[in-house]
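Engineer: Requesting a structural model of the entry that follows:
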Amino acid sequence: MKGEGNHQYGLKGKKNDSWYSDRRISRYGYIQVRCLDHPFKRHGDFVFEHRLVAEKYLLNGENSIEIDGKRYLKPEYEVHHVNFDRTDNRKENLKVLTHKEHKEIHNKLNPNQRDSEGRYIKMEEKKIKIKRVTDTAILPQKKSNEAAGYDLHVDSDEPIVFNPGESKMLHSGIAFQIPKGYFGAVYARSGLAVKMGLRPSTCVSVIDSDYRGEVGLPMRNDTNEEQIIQPHERVAQIVFQKHLNVEFEETNKLDETERGTGGFGSTGR
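Structural biologist: Alright, predicted model coming up:
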C-alpha cells in the first residue's frame, strides 16, 4: 500500500517500523544524522554531522542565518576537516570556509593520491635544514610549483672546462639534514644533458639522511667536444624520496607468479 493507504504513512524515524538508525555513513564517508526539523536537511531527513557541530560551535554573523528564531549555517558555506578525516567531527578539527577557500585547500592535494575509500590523501610537506658551506653557494630552487626536483647550482666563480669524455667532481657549496626515512637523489638536468651532453657521472647519486657533508656533483662530458659550465650554472637536480627499511628473510622458495623467472625482454618489446 502506498501513500495514505499505508499504515506507516507519515511516520518517520523511530516511529516507523523500518527505522534502524538515526546515524549513517554517506557514500563518500561522511557521518550523517537524521534531523526531521532541520531547514537544510537532505534526502531521508539527514544532515551532515560536521555541519551540525559547526552550527553549535562555529557560527558567526557572516556564515549564519536565522530561521524561526534559531541560527543555522548558510548552505553556501562549507566545513573543512583539518586532518582530512571525514569522520573526525570534533570542533577543533573543523573550519567553516567559503567554497573558494575550501577548494584552494583541496587543490593543493594530488588528485591521484586517494586511500582505499576514495578519500584524498594530504601530500606530506617536510622541512629540510640546509647549510651553506661557502658564502657563494646558491640554495636549491624549483622553477615551477609542481616540479619534483630542486635545481642544484655549481659553486664556482670561474668557468669549468670539460674535455671530451672527461669527468670532474664539482662543488655545490651546500649540505642537507634530510629527515630519517628519506634520501636525496641527485639526477641530471635534462636540458644540460641533451644540449651539452653533461650529466652526473654516477647517473644517480644518493644522499643519505645521516650524511652532513657538502653535496658533491660528479659530472661527465659524454660528447666528443669541449664543454664549458658557467659560474653558478644549474647542473643537476635533487629529488627527496622515501625509502623502506627492510629485514631479509632467507628462504628456499619464492611465491610463484605468471612471469616467474623471465628476465630481460621476457615481456616483449
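Engineer: From now on I want contacts and neighbour counts done on CA atoms only, so please keep to that.
Structural biologist: Will do.
Engineer: Need the three-state assignment for Lys103.
Structural biologist: At Lys103, secondary structure determined by DSSP: H, G, I helix; E, B strand; the rest coil is helix.
Engineer: what about it, distance to Asp222?
Structural biologist: According to C-alpha to C-alpha, to the nearest Å, Lys103 and Asp222 sit 47 Å apart.
Engineer: pull the longest strand from the protein.
Structural biologist: strand 234-242 (DSSP state E).
Engineer: Quickly list what Asn221 is bridged to.
Structural biologist: Here Asn221 sits in beta bridges with Leu198, going by DSSP bridges.
Engineer: wouldn't it be in contact with Pro200 here?
Structural biologist: No - here Asn221 does not reach Pro200: they are 9.0 Å apart, not a contact under C-alpha atoms under 8 Å.
Engineer: what bits of this structure have low per-residue confidence?
Structural biologist: In the predicted model, the chain carries pLDDT under 70 at residues 1-21, 109-125, 264-269.
Engineer: Restrict stretch 208-216 to CA atoms and write it as PDB.
Structural biologist: Presented in PDB, the C-alpha positions along stretch 208-216 are these (Å, rounded to 0.1, in the frame of the first residue of the first chain):
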ATOM      1  CA  ASP A 208      71.600   9.500   2.900                       C
ATOM      2  CA  SER A 209      69.800  11.100   5.800                       C
ATOM      3  CA  ASP A 210      72.800  10.700   8.100                       C
ATOM      4  CA  TYR A 211      75.200  12.500   5.800                       C
ATOM      5  CA  ARG A 212      76.100  16.000   6.800                       C
ATOM      6  CA  GLY A 213      78.800  16.900   4.300                       C
ATOM      7  CA  GLU A 214      78.800  19.000   1.200                       C
ATOM      8  CA  VAL A 215      76.800  17.600  -1.700                       C
ATOM      9  CA  GLY A 216      79.300  16.700  -4.400                       C
END
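Engineer: which residues touch that stretch?
Structural biologist: Counting contacts by C-alpha atoms under 8 Å, 6 or more residues apart in numbering, the residues outside stretch 208-216 that touch it are 133, 169-184, 207.
Engineer: Quick check: ChimeraX command selecting the buried ones in those residues.
Structural biologist: Filtering those down to the buried ones (16 or more other C-alpha atoms under 10 Å) takes a single ChimeraX command:
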select :133,170,171,172,173,174,175,176,177,178,179,182,183,184,207
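Engineer: Counting only strands, which of the contacts of stretch 208-216 make the cut?
Structural biologist: If you go by DSSP E, the contacts of stretch 208-216 have Met169, Leu170, His171, Ile174, Ala175, Phe176, Gln177, Tyr182, Phe183, Gly184, Ile207 in strands.
Engineer: Could you single out the nearest of these to Leu52?
Structural biologist: Nearest to Leu52 out of those is Tyr182 (C-alpha to C-alpha; 41.0 Å).
Engineer: Are we agreed that Glu55 is in a helix?
Structural biologist: Yes - assignment of Glu55 by three-state DSSP places it within a helix.
Engineer: Lys74 is in contact with that one, correct?
Structural biologist: No - the pair formed by Glu55 and Lys74 falls short of the contact definition of C-alpha under 8 Å, at 9.5 Å.
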